[in-house]
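Trainee: build me a structure from this.
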Amino acid sequence: MSNSTPPLDPPPSYEDVQRPAPGSNRAAPLPSPRGPPPSRLPMPLNLPALMSLRGKRVVLASQSPRRRQLLAQIGLINLDVVPSSFAENLPKSLSPFEYVLRTATEKALDVYAREIDNSEKGEPALIIAADTIVVSHGGSILEKPKSEVDHIQMLTMLRDEGLHKVCTAVAVMTPLESAKDPGYALETHVEETAVKFDPSVTDELILAYVKTRDGADKAGGYGIQTAGSILVERIEGSYDNVVGMPLRSTLKLIEKVMLPEEDPDDEFAHSDDDGI
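Mentor: Numbers count the residues shown, from 1 in each chain. Okay, the predicted model is just below:
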């Protein structure tokens, strides 16, 4: 009888890892991206902007389970997941800031155009879109790895170059009740977090991590909230941003579109005081 260990099943292909999961668009709440699953869902924040969304259709223009996890932490649980069909093929000659901002904005506009006249579900009260890229120390825009070789080269470069940046753009929009052009309110934000890999990470560790396929569906090829944390020495900035959505900044955008400030011109136009 042989004592040799049977070979492990081969890891899934990069196409399989990045393919959206089949099933309903209505996403079930997921556990927190940090630590063990909570025993119960957190109580929603008692904030006017979030309270105004209760019972209304909130659309997440992303298939990312990590973004759903983060939004659940502020009480946005019953999200309608409608992934954008935007090709995400903008030229890499754009600056990283412009590239990620335009991509997130186009994702939101694409889903808005498809869902605003949804006769079955009704128009969305809020659409949230996001895009995350990793920018190498040399300024290259890194998205999801395309193959195992690409994955290894990507992580090796990030280790050897020192600091890199994770940039996430968030676009939040809501239809306007008035006929004011363009018919919606849109707010955007780009957040940057600096990340430094541990320079002592070995090639063997990188290969072992790549074989798990944990980072195959993530910009830059690693997940800081999962096993990819073994590669990271430190970060400077928002942890949630590296996961895929800066939660504090996203909440501010939601408050801006759901509770807009009074327009002085509109207030003057509707004044009952004729003046002299």
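Trainee: name the spans of the stretch 51-200 of the chain whose pLDDT lies under the cut-off.
Mentor: Judged by pLDDT under 70, the stretch 51-200 of the chain has its weakly predicted residues at 179.
Trainee: strands along that one, start to end?
Mentor: Taking DSSP state E, counting those that start in this stretch, the strands of the stretch 51-200 of the chain run over residues 58-60, 80-81, 126-135, 141-142, 163-175, 184-197.
Trainee: which among those is found nearest to residue 244?
Mentor: Evaluated over these, closeness to residue 244 peaks at strand 126-135, with 5.1 Å, by CB to CB. Using the backbone N, CA and C atoms, a C-beta is placed for each residue, glycine as well.
Trainee: sheet-wise, list the partners of the closest one with their directions.
Mentor: Paired with strand 126-135 in the same sheet, following DSSP bridges, are strand 58-60 (parallel), strand 141-142 (antiparallel), strand 163-175 (antiparallel).
Trainee: export those strands to TSV and tack on distance to residue 185 and mean neighbour count?
Mentor: Shown next, in TSV, are those (distance: least, CB to CB, whole Å; neighbours: other CB atoms under 10 Å):
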stretch	distance to residue 185	mean neighbour count
strand 58-60	15	23
strand 141-142	29	19
strand 163-175	5	23
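Trainee: need these in CSV (columns: distance to residue 202).
Mentor: Below are those laid out as CSV (distance: least, CB to CB, whole Å):
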stretch, distance to residue 202
strand 58-60, 38
strand 141-142, 21
strand 163-175, 19
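Trainee: any idea which of those gets closest to residue 109?
Mentor: Nearest to residue 109, of all the strands paired with strand 126-135, is strand 163-175, at 7.9 Å by CB to CB.
Trainee: same question for stretch 218-233: list its buried residues.
Mentor: Residues of stretch 218-233 classed as buried under the neighbour-count rule (16 or more other CB atoms under 10 Å) are 218, 219, 220, 221, 222, 223, 224, 225, 226, 228, 231, 232.
Trainee: nearest to residue 52, of these?
Mentor: Minimum separation from residue 52 among the buried residues of stretch 218-233 (CB to CB) is found for residue 225, which lies at 29.7 Å.
Trainee: mind checking the SS state of the closest one?
Mentor: Reduced to three states with DSSP: H, G, I helix; E, B strand; the rest coil, the structure at residue 225 is coil.
Trainee: that one and residue 66 touch, don't they?
Mentor: Yes: with contact defined as CB atoms under 8 Å, residue 225 and residue 66 form a contacting pair (6.8 Å).
Trainee: one step back: to residue 100, which of the strands paired with strand 126-135 lies closest?
Mentor: Taking CB to CB as the measure, the strands paired with strand 126-135 were each checked against residue 100, and strand 163-175 came out nearest at 4.2 Å.
Trainee: no more questions from me, cheers.
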